[in-house]
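Visitor: Sequence and predicted model, in that order:
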Amino acid sequence: VPHSTALNNAPTAGALLAILRDERIATRATLGEKAELSRLALNQRLALLLDADLVCAAGQEPSTGGRPPIQFQFNPLAGFLIGADLGISVARIAITDLVGRVLAYAEERRLIEDGPEVTLPWVARQAESLLSGLDKKLDNVWGVGVGVPGPVEFEAGRVVSAPFMSGWDHYPIRLWFEDRFGCPAVIDKDANIMALGEHRSHWRRFDHILYVKAGTGVGCGVIAMGDLHRGANGSAGDIGHIQHRGDGEPLCRCGKTGCVEAVAGGWALVRDLRAQGIQVSTAEDVVRLAGGHDRVALQAIRRAGRVLGEVLADVVNFFNPSVVIVGGTIGQAEGELLAGIRETVYQRSLTLATKNLLVVPSALGLRAGVIGAAQLVSEAILAPGAIDQRLAAMQGRSLQESTIPMASAGS
Ligand SMILES: [Zn+2]
């Protein structure tokens, strides 16, 4: 029995790919050593990965006499991913390689309240047109990641009771995409995918970070121990509806009064500016005004920053992150918003919690969502188990043709 257990625990082709990705470039000898596989077992697994185009030969190692050993590397262009970030008033979509690098991108002013039956076909059409620009087809898509501006039941892949998302409640978004594209899809709330995108692209060396989405609404994505923390039901990080002290009690779109979002959300800034006779209709309009140094818009954003800072001060005390990243549409007015946030956080948080705390603007900007959505699905489809499934399915399809013994692909 111990013998068979050892056999079952030998790294699969999927696990071998993960080892190769860690190594970046490796020879057969290095891979065999790292994976603790016999030459035969290694060659079998490598042949599967080479057949699937997931691994390709890299540059030759300098020869020390004799034939130089072949070096292998992961090929992120073996397949393509779709990353979509459906905001309240802007929809963004990207085609990426298998590790989430953007190859094609499009955005359009669209309202989420148009509902899934209008919005999802738009995403599909955009994806197809971006793919054809890259000379690729739907068959080349391995996964779809989608972010939405509301609470998501992650396992079920659907939105639950999101304000401003009428028509989306319990709509099976994940199934819709899986059906349309014939590949795995993942759905998450937008602040989560943005947090993941920022963490994987720029802050991987830190295990605990917060991503604050200051957009039309206010949300927060939590990276704990290096991974997304969604909580028991998927609502972790929902700081927008924490009761904010003072400043009167404006009515929130969630039906309660005095929420952070009802003061600091983009929609609240629109409301406040309009009350002063300034013609704005979206968070983007407010940021545009601020960019043109409009005094009222700048003051409103700074005040929003202070209100956000008050809540974040408590969150920072509780969670003790290394980095707080501020993004989203209002986050684009980073000077004013960050000034307000920093002012309050450093003043109110405990010394130990702020000792090495960084409060920084988003590095990915408004593309954080599409990059993070692609990252999310990338991690799912490149997981060793998922790779093994894909290889098994490919093998099943080409069973009749496989008359060449596996071992012959070796050396
Ligand atoms: Zn609220």
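Guide: Nice, I can see it.
Visitor: And the lengthiest helix in the chain, what does it pack against?
Guide: Longest helix in the chain, counting residues (DSSP state H): helix 295-319. Using 3 or more CB pairs under 8 Å, 6 or more residues apart in numbering; DSSP states H and E, the elements in contact with helix 295-319 are strand 209-214, strand 218-224, helix 261-264, helix 266-275, helix 283-291, helix 334-348, helix 351-354. Every C-beta, even on glycine, is put in place using the N, C-alpha and C of the backbone.
Visitor: Next, see if the second one gets close to the ion.
Guide: No - applying CB under 5 Å from the ion, one finds strand 218-224 separated from the ion by no less than 9.2 Å.
Visitor: Sheet partners, orientation included, of that strand?
Guide: Looking at strand 218-224 with DSSP bridges, its partner strands are strand 209-214 (antiparallel), strand 227-228 (antiparallel).
Visitor: so where is this protein shaky, pLDDT-wise?
Guide: For the chain, applying pLDDT under 70 flags the ranges 1-8, 60-65, 245-248, 399-411.
Visitor: Contact residues of it facing the ion?
Guide: Neighbours of the ion within the chain, by CB under 5 Å from the ion: H241, C252, C254, K256, C259.
Visitor: so which residue of the stretch 51-200 of the chain comes closest to the ion?
Guide: At 7.6 Å from the ion, P163 is the closest residue in the stretch 51-200 of the chain, using CB to the ion.
Visitor: That residue touches P149, doesn't it?
Guide: No - applying CB atoms under 8 Å as the test, P163 and P149 come out as separate, 9.4 Å apart.
Visitor: L81 reaches V102, doesn't it?
Guide: No - in this structure L81 lies outside contact range of V102 using CB under 8 Å: 10.0 Å.
Visitor: Name the residues contacting each of the two.
Guide: Counting by CB atoms under 8 Å, 6 or more residues apart in numbering, the contacts common to L81 and V102 are I95, T96, A374.
Visitor: Now for V326, how many residues are close by?
Guide: A count of neighbours around V326, defined by other CB atoms under 10 Å, yields 24.
Visitor: tally of neighbours for the residue lying closest to it once chain neighbours are set aside?
Guide: Among residues not flanking V326 along the chain, V212 sits closest, at 5.0 Å (CB to CB, 6 or more residues apart in numbering). For V212, the count of nearby residues is 30 (other CB under 10 Å).
Visitor: Check the one 3 residues further on too.
Guide: Per other CB under 10 Å, the neighbour tally for G215 reads 29.
Visitor: Pull the contacting residues for the residue of the stretch 301-411 of the chain found nearest the ion.
Guide: Nearest residue of the stretch 301-411 of the chain to the ion, counting by CB to the ion: V311, 12.2 Å away. Contact analysis of V311 by CB under 8 Å, 6+ apart lists I239, I242, H244, V260.
Visitor: Could you identify the most distant pair in the residues you listed?
Guide: Farthest apart among those by CB to CB are I239 and H244. That separation is 10.1 Å.
Visitor: shared neighbours, these two?
Guide: V260, V311.
Visitor: Surely V144 is within a strand?
Guide: Yes - V144 forms part of a strand when assessed by DSSP: H, G, I helix; E, B strand; the rest coil.
Visitor: Tell me what it is bridged to.
Guide: Assigned bridge partners for V144, using DSSP bridges, are I82, A185.
Visitor: I'd say it and C183 touch.
Guide: Yes - under the criterion of CB under 8 Å, V144 makes contact with C183 at 6.6 Å.
Visitor: When those two are compared, which one has more neighbours?
Guide: Taking other CB under 10 Å, V144 and C183 do not tie; V144 has more neighbours (27 against 21).
Visitor: That one: what's it in contact with?
Guide: With CB under 8 Å, 6+ apart, V144 has these contacts: L81, I82, A84, A127, F177, E178, F181, C183, P184, A185, V186, V377.
Visitor: switch to 6 Å and redo it
Guide: I82, F177, F181, A185 (CB atoms under 6 Å, 6 or more residues apart in numbering).
Visitor: do Y171 as well
Guide: Contacts of Y171 by CB under 6 Å, 6+ apart are P116, R158.
Visitor: on that earlier part again, compare neighbour counts for L81 and V102 and give me the winner.
Guide: Of the pair L81 and V102, L81 is the one with more neighbours under other CB under 10 Å, namely 30 against 16.
Visitor: In stretch 161-171, which residues are buried?
Guide: Buried residues in stretch 161-171, counted by 16 or more other CB atoms under 10 Å: A162, P163, F164, M165, W168, Y171.
Visitor: Between the residues you listed, which sits nearest G328?
Guide: Among these, F164 lies closest to G328 (CB to CB), at 15.0 Å.
Visitor: The residue nearest to V326 and T257, how far apart?
Guide: Distance of V212 to T257, computed by CB to CB, to the nearest Å: 22 Å.
Visitor: Could you do T119 as well?
Guide: Distance, T119 to T257, by CB to CB: 30 Å.
Visitor: ditto for W122
Guide: 35 Å.
Visitor: more neighbours, those two?
Guide: A count of neighbours by other CB under 10 Å puts W122 above the other of W122 and T257, at 16 against 13.
Visitor: Which elements pack onto the helix or strand in which that one is found?
Guide: Taking DSSP states H and E as the definition, one finds W122 inside helix 116-133. If contacts are counted by 3 or more CB pairs under 6 Å, 6 or more residues apart in numbering; DSSP states H and E, helix 116-133 sits against strand 90-96, strand 102-109.
Visitor: how about those, which one is nearest R342?
Guide: Taking CB to CB, strand 90-96 is the member of the helices and strands packed on helix 116-133 nearest to R342, at 27.0 Å.
Visitor: Could you give the bridge partners of the residue nearest to S161 when sequence neighbours are not counted?
Guide: Spatially, and ignoring its direct neighbours in sequence, S161 is nearest to D169 (6.1 Å; CB to CB, 6+ apart). When bridges are called by DSSP bridges, D169 pairs up with V159.
Visitor: so how far is E153 from D169?
Guide: D169 is 11 Å from E153, where distance means CB to CB.
Visitor: Identify the residues contacting stretch 327-337?
Guide: Contact with stretch 327-337 is made by 194, 213-215, 266, 283-284, 287, 290, 298, 301-302, 305, 361-362, 368, as judged by CB under 6 Å, 6+ apart.
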